[in-house]
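> sharing a sequence plus its predicted fold:
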Amino acid sequence: MAGLLNIGLTGVNAAQGQLITTSHNIANANVAGYHRQKVIQASQAPYFSGVGFFGTGTKMQAVTRSYDQFLENEVLNAATKQNMYAAYYAQISQIDNLLADPTAGLSPSIDAFFAGVRDVAAAPTSSAARQSMLSSAQMLVERFHSLNERLNEIREGVEYDIRASVDQINTLASAIAELNQRIVVAQSAGPTKPANDLLDQRGQLISELNDLIQVTTQVEDDGMLSVFFGSGQSLVNGNMATKLAAVPSKNDPQRYSIAIIPRSGTPISVPERLITGGQLGGLLQFRSESLDPAQNRLGMLAVSIASAFNNQHKLGVDLAGELGLDFFQVPTPRIYPTNAAVVGFDFDTNPNADDISGLGLLTDADYELKFDGTDYVITNLSTRASKTLTTPVDSFEGLKIDVSASALAAGETALIQPTRYGAEGIKTAITDPRLIAAGGPVMSSVPTTNSGTGKVSGIVMQDTTGVIPASSPTWEATITFDNTTNPPTLNLPSPGGFAFVDPATGALSASATFNPATMSAGQEFTITGPGGFTFTFTLSGTPANGDVFNLVPTRAGLYDSPPSDTGVADNRNANLLGALQTTKLLFANSVGEPTATFDTAYSQLVNKVGNKTHEMKVSEQTQATLYAQACETRDSLSAVNLDEEAADLVRYQQMYQASARVMSIAQGLFDELISIVR
């Protein structure tokens, strides 16, 4: 009877364990990270009798959870990528909305500014037109400032999120290390006695950590879990967690980099390329791939517009006949540390030269300047193109680098940001509308005594040094046409300080060829004058022998008695200023020809950001689908199905009742046996 009673008791105990486990599953059905548990039953060892083996009941071997490491890894991989794309998309969509806005973007302000320039060209003496041009210039500057300010706000938000993510990573890593210790203690009874609930808690922490940064894990022999990130950097090792920190970048104090804090306390920087996946990976990738280039391109446009406009503006004269001044204040490049070198823009070193085409060398990249103890090497951080500086003052991609007083030690580097703060630093330098240099410094006159049809047009300054005399007497260049030579020539007075420039050799000569038979449609000539000024002009038509063409400074009328207002109504330089909007000045190709206008460069930025935004949106949606599928596959094995659990409750209840009935029968038989003995 005792054997029958014991068998029933084992059944009752097993049924009770099944009921407890099923109830536990039901209670935790909605707990994140919980895996369905089940009781593993087995028969107890039988005993032998003369007729064979008789069973002795059942036993509970273990309580396990429905868990598959492969399926869990699939979920983790999909989740970390989705979080990366989601973080990237949330940030870049802000830039896309900002730059592509038809009213808040930069294009309307550029159009309005150059429309103001063209209004001055149409009415160069109009005070209203000139004031309107200054107002539109200020609006352009303010638009640059507002766009840059918004990008700075986005940057501040990214930097804050990076610090917050690092703090969360540290919290989760410490919690995982603590759970490692608790799991080792709980499983000290043996590997067949898993601490299911603690393992689920640790798995959930791994999932949350993986949402922030992509991690890999490895279960050690003692049951502890090692966690790694990047290319194998340890984050959790046993019951010890490695601390991360967001520290100011060594070269760029405006941004945070990720560093490991060892026991020595000295931060060890982790290269950004090693931090992938999760929210942190998405933020770092967005910052380097989209935010930095967008702000650099915006700053490059500010630098380019200011420099190109200044260069052309200084080639003209204002209402008083004085040479033009800087119209904009051109932002200067930034370098960290500041004592590493002096950096400027190479295309702005000679304000009198027609070097606007030098803008085409400028890029929207950041640069690294490295000193190896002997040489300085500058490297474009986007293209990795580099150059070893051959002199203390050298040029590279539109930049002029002066290392003559550099404080860099051997092996040290500096970060150069030529355009990052361009949109922040641009300002208008002129407030008086009379100072707008709408006129040209040189004008032509054709005497009424000329009998031919020759005429001078298209005078364009290249260098204004000495072109406007400080006082009387003033200069005058008289060109005489001589058709008695073969071929016919144009002659300048000699001596007189004037000479034609041979376009092929650069040689100077007092005469130049002009054959009306082949050149009547127009031939361009370049002249240098006393003091160094240089300009080009076009002669067309058919001059008669002895016809002369006079070239004089626009201010010449100021020396007349009484003074005249020659040049006040001149719009030649204003026309050239207006033409800058549609002139290709940026992004020179392999043969040095610029390929983009200001509008084109901005459109490229808008298109690039828009395409990247769409890419991130599609990637996030795709990854969300993959994540849902991975979760569904995992949950088909691991999740709690309440219908199944309800059915199990009935089944285990019946098992309990049946086992109790066995015990009841054993008790009845025992009582009957006792009564017989009595």
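Now that the structure is in, tell me what you want to look at. Residues are numbered from 1 along each chain as shown.
> CA atoms for contacts and neighbours, from now on please.
Noted.
> which of the helices or strands spans residue 85?
helix 69-99 (DSSP states H and E).
> after that helix, next one along is what?
helix 107-122.
> after that next one, next one along is what?
With DSSP H and E setting the assignment, the helix or strand that follows helix 107-122 is helix 127-186.
> ok and the next helix or strand after that following helix relative to helix 127-186, angle-wise?
For helix 127-186, the following helix or strand on the C-terminal side (DSSP H and E) is helix 196-212. With axes from the mean of the first three to the mean of the last three C-alpha atoms, to 10 degrees defining the directions, helix 196-212 sits at 160 degrees from helix 127-186.
> now the angle from helix 196-212 to helix 69-99?
Using the same axes, to 10 degrees, the direction of helix 196-212 lies 30 degrees away from that of helix 69-99.
> could you list the buried residues of helix 196-212?
For helix 196-212, a neighbour-count test (16 or more other C-alpha atoms under 10 Å) marks 196, 198-212 as buried.
> the strands in the stretch 251-400 of the chain, which residues?
Along the stretch 251-400 of the chain, counting by DSSP state E, counting those that start in this stretch, strands occupy 256-261, 268-269, 328-329, 334-336, 342-345, 367-371, 376-380, 386-388, 393-396, 399-402.
> JSON lines for these, including mean pLDDT and distance to residue 294?
Converted to JSON lines, the strands of the stretch 251-400 of the chain look like this (pLDDT from 0 to 100; distance: least, C-alpha to C-alpha, whole Å):
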{"stretch": "strand 256-261", "mean pLDDT": "93", "distance to residue 294": "18"}
{"stretch": "strand 268-269", "mean pLDDT": "89", "distance to residue 294": "25"}
{"stretch": "strand 328-329", "mean pLDDT": "96", "distance to residue 294": "22"}
{"stretch": "strand 334-336", "mean pLDDT": "93", "distance to residue 294": "17"}
{"stretch": "strand 342-345", "mean pLDDT": "92", "distance to residue 294": "20"}
{"stretch": "strand 367-371", "mean pLDDT": "95", "distance to residue 294": "16"}
{"stretch": "strand 376-380", "mean pLDDT": "96", "distance to residue 294": "16"}
{"stretch": "strand 386-388", "mean pLDDT": "95", "distance to residue 294": "23"}
{"stretch": "strand 393-396", "mean pLDDT": "92", "distance to residue 294": "22"}
{"stretch": "strand 399-402", "mean pLDDT": "93", "distance to residue 294": "20"}
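> as CSV, the ones you listed with distance to residue 225 would be great.
Formatted as CSV, these follow (distance: least, C-alpha to C-alpha, whole Å):
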stretch, distance to residue 225
strand 256-261, 20
strand 268-269, 24
strand 328-329, 59
strand 334-336, 42
strand 342-345, 51
strand 367-371, 41
strand 376-380, 42
strand 386-388, 45
strand 393-396, 51
strand 399-402, 52
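> could I get the ones you listed as CSV with mean neighbour count?
Listed next are these as CSV, based on neighbours: other C-alpha atoms under 10 Å:
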stretch, mean neighbour count
strand 256-261, 20
strand 268-269, 16
strand 328-329, 20
strand 334-336, 20
strand 342-345, 20
strand 367-371, 22
strand 376-380, 20
strand 386-388, 16
strand 393-396, 17
strand 399-402, 20
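> so which of the ones you listed gets nearest residue 468?
strand 328-329 (22.3 Å; C-alpha to C-alpha).
> partner strands of that closest one, parallel or antiparallel?
According to DSSP bridges, strand 328-329 forms sheet pairs with strand 427-428 (antiparallel).
> other residues contacting the partner strand?
With C-alpha atoms under 8 Å, 6 or more residues apart in numbering as the test, strand 427-428 has contacts from 137-138, 141, 327-330.
> tell me the one of these nearest residue 15?
residue 141 (79.7 Å).
> ok, which stretches of the protein are helices?
Under the criterion DSSP state H, the chain contains helices at 2-27, 69-99, 107-122, 127-186, 196-212, 278-286, 292-313, 422-425, 516-519, 572-579, 598-638, 642-677.
> now the longest one: average pLDDT?
Average pLDDT, helix 127-186: 95.
> and the strands in the stretch 401-550 of the chain?
Remark: strands assigned in the stretch 401-550 of the chain by DSSP E, counting those that start in this stretch are 413-417, 427-428, 442-445, 455-463, 477-482, 489-491, 499-501, 508-509, 511-513, 523-528, 534-540, 548-553.
> can you lay out those strands as CSV showing distance to residue 374?
Below are the strands of the stretch 401-550 of the chain laid out as CSV (distance: least, C-alpha to C-alpha, whole Å):
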stretch, distance to residue 374
strand 413-417, 13
strand 427-428, 39
strand 442-445, 50
strand 455-463, 38
strand 477-482, 53
strand 489-491, 55
strand 499-501, 42
strand 508-509, 43
strand 511-513, 51
strand 523-528, 43
strand 534-540, 41
strand 548-553, 51
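> just send the ones you listed back as TSV, with mean neighbour count, distance to residue 400 and mean pLDDT too.
Formatted as TSV, those follow (neighbours: other C-alpha atoms under 10 Å; distance: least, C-alpha to C-alpha, whole Å; pLDDT from 0 to 100):
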stretch	mean neighbour count	distance to residue 400	mean pLDDT
strand 413-417	23	11	95
strand 427-428	20	22	96
strand 442-445	19	32	88
strand 455-463	19	21	91
strand 477-482	21	37	93
strand 489-491	20	41	93
strand 499-501	22	29	94
strand 508-509	16	30	92
strand 511-513	19	37	93
strand 523-528	19	28	94
strand 534-540	20	25	94
strand 548-553	21	34	91
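> just so I know, which of those strands lies nearest residue 633?
Of the strands of the stretch 401-550 of the chain, nearest to residue 633 by C-alpha to C-alpha is strand 413-417, at 48.6 Å.
> what lines up beside that closest one in the sheet?
strand 334-336 (antiparallel), strand 367-371 (antiparallel).
> mind giving me a markdown table with those and columns for distance to residue 268?
Formatted as a markdown table, these follow (distance: least, C-alpha to C-alpha, whole Å):
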| stretch | distance to residue 268 |
| --- | --- |
| strand 334-336 | 20 |
| strand 367-371 | 20 |
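> out of the ones you listed, flag the one nearest residue 39.
When the strands paired with strand 413-417 are compared (using C-alpha to C-alpha), the closest one is strand 367-371, at 62.9 Å.
> quick one, that closest one and strand 376-380 angle?
Using the same axes, to 10 degrees: strand 367-371 against strand 376-380 is 160 degrees.
> just to revisit the earlier point, next, format the helices of the chain as TSV and append distance to residue 251.
Shown next, in TSV, are the helices of the chain (distance: least, C-alpha to C-alpha, whole Å):
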stretch	distance to residue 251
helix 2-27	54
helix 69-99	24
helix 107-122	33
helix 127-186	16
helix 196-212	26
helix 278-286	16
helix 292-313	15
helix 422-425	19
helix 516-519	59
helix 572-579	39
helix 598-638	26
helix 642-677	57
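> now do the contacts for residue 507.
With C-alpha under 8 Å, 6+ apart, residue 507 has these contacts: residue 501.
> what's the spacing between residue 449 and residue 548?
9 Å (C-alpha to C-alpha, to the nearest Å).
> residue 131 against residue 433, yeah?
Yes - taking C-alpha atoms under 8 Å as the definition, residue 131 is a contact partner of residue 433 at 5.5 Å.
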